[in-house]
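K.L.:
next one to model:
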Amino acid sequence: MTLLTNLKTQFFTFFSAHKISPFGLILLTVLFLFSVDNTTFWSLGGSIFHGHPLSFAGFLLAVYFLTVAAFSLFGFVWTVKPFLMFIVILSAVTSYYMDRLGVVIDRDMIQNVMVTTMAESKHLITVGFVTHVVLYGVLPAAVIACVKIKRHGLVRSVAVPVLTFGVSMALAAGLLMADLKSYSSILRERKDLMGSYQPGMPLVSAIRYAKLMTRTANLKVVAIGEDATKGAAYAADRKPVLTIVVAGETARSQNFSLNGYEKDTNPRLAQLPVISFADVNSCGTATAVSLPCMFSKFTRDAYSYEKGISHQNVLDIFDHAGLHVEWWDNNTGHKGIADRVGSRMMTAADGAEFCTSGECTDGVFMRALAEYAQTITQDTVLVLHHIGSHGPTYYLRYPDEFERFKPACRTAEFKNCTAGEIANSYDNTIAYTDEILAQTIEFLNGQTHLSTALVYVSDHGESLGEGGLYLHGSPYFMAPAYQTKVPMILWLSQAFQEQFEIDQACLVDQKDTTLSHDNLFHSLLGMMDIQTSEKDSALDIFASCRSNMKLVQK
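P.N.:
The predicted structure is shown next:
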């Protein structure tokens, strides 16, 4: 204890006895960030500039001076230490996810973080994460706190940061101009390079997110599809319709055996008359983007956060047409999609046996669904938002008895698992989704008093270590197909096929057609025979698959 006390005393005595100017502290802090928190940035840069070391050195110096220029705006005696302490801790946090998991902290990722729940985010706070942040963030911040800042007169205190900004910007511009053609080409073609730079990317993204929230704070919601009506399929003296739309979570198409995966992850669905569309692209790579987008009328190219929150969606159109609509959630919420229709969160009260870890597996829907179906007397669309395959704690997404692929990774610390163990754990989540979807379909098939159907589509995929990437949320321009290819599965009861005159064989012929989340809005309207000017038949996969059967009255 005495030795520890002496070391502590010497530590604080050393840093209390040595004074440094704000300018010097900024230079040293940026050098520290460059050296410690940018492993991915250095690796990408070395690869991109391979064989051109002088060009790479010039680029690094330009980025260094640009960072110094930005930090100099906070280079005043009373702001420099708090700002730099915040920066080194922030950089430690973001570098962990960038360098260990390949997660880029762009605006969409910040948006995803801001709308997540404590239950979801707690799994990312691992021992490895905390250790990394303490070593590379908290301890350096403590050093900065102990440093004594040289104080000067008011004029010099103001002039030095201004002069530093100007000189640093000039140096950066000069270095970039020395080989502008090459640098501009690289920055244009390899956005992943600056996307990996810490803390540049997180800071710019935070500013962009703040601007987005400010710009959209008072947007009014535009009604769409108010002309919606039920089509001829809704004749009198028939069964009520129940369509279940399952919004999957983090399921990637490549790991569905229905789509050719070598492991048998879909043994139950393979025994049912489902159609698996094998080539479906997501709207985004994170829930906060993909979920609102897939229910909106906008294509991925046209979609934006502003448009999403300022326009009603397909659930509202169902409501306008006179259908009863509800959203049931076992995930992080409906992201505003169900603001104008009924919604509920699933809890242990809906099935305590499915909620033993503080979170519920998707089996929690089944009892509530059985009770609810007996009360249905009107045409209904029910959305079930699964927790599905949400990582990094894949092992919590299925009951222990469903751990079919072994050995499975049973920790959020991927570094403690092999690639095979991570894949096994993830594949177990897909197999459990297979089980829950099969149970739901079998239940619907048994509801003889209803005309039933089910559509399942995941919001985005997942990286399991391919190319050094884990989880999801990569910017779409650089996201691998593992994060953008999603499963989409359709099941129609015989009664539903007859009532809506749908030719299932025609749909089977489309199973390998390239589709996307763009098709969901219009296909749901087409499938449910909802007539509205908002529907685009070119994006409706049912448009060409209406059979010539006579409408069967039920």
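K.L.:
correct me, but Pro392 touches His123?
P.N.:
Yes: Pro392 is within contact range of His123, at 6.0 Å (criterion: Cβ atoms under 8 Å). Quick note: C-beta positions are derived from backbone N, CA and C, even for glycine.
K.L.:
joint contacts of these two?
P.N.:
Ala412 (Cβ atoms under 8 Å, 6 or more residues apart in numbering).
K.L.:
which one's more surrounded, the two?
P.N.:
Taking other Cβ atoms under 10 Å, Pro392 and His123 do not tie; Pro392 has more neighbours (22 against 16).
K.L.:
residues contacting the more buried one?
P.N.:
His123, Leu124, Ala412, Phe414, Tyr470, Leu471.
K.L.:
same question for Leu525.
P.N.:
Val314, Ile317, Thr532, Glu534, Lys535, Asp540.
K.L.:
look up how far Asn313 lies from the fourth one.
P.N.:
So that's Glu534. Look at Glu534 and Asn313: by Cβ to Cβ, to the nearest Å, they are 10 Å apart.
K.L.:
widest-spaced pair of the contacts of Leu525?
P.N.:
Comparing every pair within the contacts of Leu525 by Cβ to Cβ identifies Ile317 and Asp540 as the most remote, at 13.3 Å.
K.L.:
out of those two, which sits in the busier spot?
P.N.:
Between Ile317 and Asp540, Ile317 has the larger neighbour count (other Cβ under 10 Å), namely 26 against 18.
K.L.:
distance to Lys191 added to the contacts of Leu525, as JSON lines?
P.N.:
Formatted as JSON lines, the contacts of Leu525 follow (distance: Cβ to Cβ, whole Å):
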{"residue": "Val314", "distance to Lys191": "32"}
{"residue": "Ile317", "distance to Lys191": "36"}
{"residue": "Thr532", "distance to Lys191": "39"}
{"residue": "Glu534", "distance to Lys191": "34"}
{"residue": "Lys535", "distance to Lys191": "36"}
{"residue": "Asp540", "distance to Lys191": "34"}
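K.L.:
secondary structure element holding Met366?
P.N.:
Met366 belongs to helix 365-373 when assigned by DSSP states H and E.
K.L.:
again with Leu315
P.N.:
helix 314-320.
K.L.:
my guess is Pro292 contacts Ala338. True?
P.N.:
No: taking contacts as Cβ under 8 Å, Pro292 lies outside contact range of Ala338: 10.7 Å.
K.L.:
returning to what we had before: following the helix holding Leu315, which helix or strand comes up?
P.N.:
Assigned by DSSP H and E, the successor of helix 314-320 is strand 324-329.
K.L.:
that next one pairs with which strands, parallel or anti?
P.N.:
Sheet pairing of strand 324-329 (DSSP bridges) gives strand 342-345 (parallel), strand 380-385 (parallel).
K.L.:
give me the distance from that strand to the chain's centre.
P.N.:
Relative to its parent chain, strand 324-329 has a centroid offset of 22 Å by Cα atoms, centre = their mean, to the nearest Å.
K.L.:
for stretch 33-46, same thing?
P.N.:
Centre to centre, stretch against its chain (Cα atoms, centre = their mean), the figure for stretch 33-46 is 25 Å.
K.L.:
which stretches of the stretch 101-250 of the chain aren't confidently modelled?
P.N.:
Residues of the stretch 101-250 of the chain meeting the criterion pLDDT under 70: 118.
K.L.:
the stretch 401-550 of the chain: helices as residue ranges?
P.N.:
Counting by DSSP state H, counting those that start in this stretch, the stretch 401-550 of the chain has helices at residues 419-445, 481-484, 494-499, 504-508, 518-527.
K.L.:
buried set for the second one?
P.N.:
Spelled out, it's helix 481-484. The neighbour-count check on helix 481-484 (16 or more other Cβ atoms under 10 Å) flags Tyr482, Gln483, Thr484 as buried.
K.L.:
swap in the first one?
P.N.:
Burial within helix 419-445, assessed by neighbour count using 16+ other Cβ under 10 Å, is assigned to 421-441, 443-445.
K.L.:
quick one: it to strand 380-385, angle?
P.N.:
Relative orientation of helix 419-445 and strand 380-385, computed by axes from the mean of the first three to the mean of the last three Cα atoms, to 10 degrees: 160 degrees.
K.L.:
tell me the mean pLDDT for helix 419-445?
P.N.:
Helix 419-445 shows a mean pLDDT of 98.
K.L.:
picking that back up, quick check, nearest of the buried residues of helix 481-484 to Met114?
P.N.:
Nearest to Met114 among the buried residues of helix 481-484, with distances taken as Cβ to Cβ, is Gln483, at 20.1 Å.
K.L.:
pLDDT weak spots in the stretch 451-554 of the chain?
P.N.:
Using pLDDT under 70, the stretch 451-554 of the chain drops low at 548-554.
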